[in-house]
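**Student:** Need coordinates for the below:
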Amino acid sequence: GGGGGGEGGVGGLAGRAFFSSLCVATFGLGAWQTRRYFEKVEMTKRREEDLAMEPLSDFDAWRARKDAAAHEEREGDEGGNATRNATAKSYRRGGLRGRVCYQ
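**Tutor:** Residues are numbered from 1 along each chain as shown. Below you'll find the model as predicted:
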């Protein structure tokens, strides 16, 4: 008689290996999604803070801010990349004045 319940041999081992690989991949994707979620929450918070600030007065103020961030990046100051990257990638509002010339 044909006993028991379960596949034996190579087929059963391959099936278990395949199923295990799916479980590991699903766990890895879940961990990655969780990490990305918290990164996005932090980015959203920074953007909201930037947009809530008083707008920069003009293009020159914006350019000075960007130049200062670029200078800090070139200097390679020891103070943490997060601060430099936050300054360089700021979404702070700015004011512009000018005329639109229609032809």
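**Student:** Who are the packing partners of the longest helix along the chain?
**Tutor:** Scanning the chain for the helix with the most residues, using DSSP state H, yields helix 9-52. Where contact means 3 or more Cβ pairs under 8 Å, 6 or more residues apart in numbering; DSSP states H and E, helix 9-52 is not packed against any helix or strand. Bear in mind the C-beta positions are built from the backbone N, C-alpha and C, glycine included.
**Student:** Show the average pLDDT along it.
**Tutor:** For helix 9-52, the mean per-residue pLDDT is 92.
**Student:** what does stretch 71-85 give?
**Tutor:** 59.
**Student:** Tell me how many other residues surround Leu56.
**Tutor:** 18 (other Cβ atoms under 10 Å).
**Student:** ugh, typo on my part, it should be Val100
**Tutor:** 4.
**Student:** returning to that earlier point: quick check: next helix or strand after the longest helix of the chain?
**Tutor:** For helix 9-52, the following helix or strand on the C-terminal side (DSSP states H and E) is helix 59-75.
**Student:** Tell me how far Tyr91 lies from Val41.
**Tutor:** Note on Tyr91: its distance to Val41, by Cβ to Cβ, to the nearest Å, is 16 Å.
**Student:** so what's the residue nearest the centre of the chain up against?
**Tutor:** For the chain, the residue sitting closest to the mean C-alpha position, by Cα atoms, centre = their mean, is Glu39 at 5.3 Å. Going by Cβ atoms under 8 Å, 6 or more residues apart in numbering, Glu39 touches no other residue.
**Student:** quick one: it and Ala14, what's the gap?
**Tutor:** Glu39 is 37 Å from Ala14, by Cβ to Cβ.
**Student:** Gly94 too?
**Tutor:** Per Cβ to Cβ, Gly94 is found 61 Å from Ala14.
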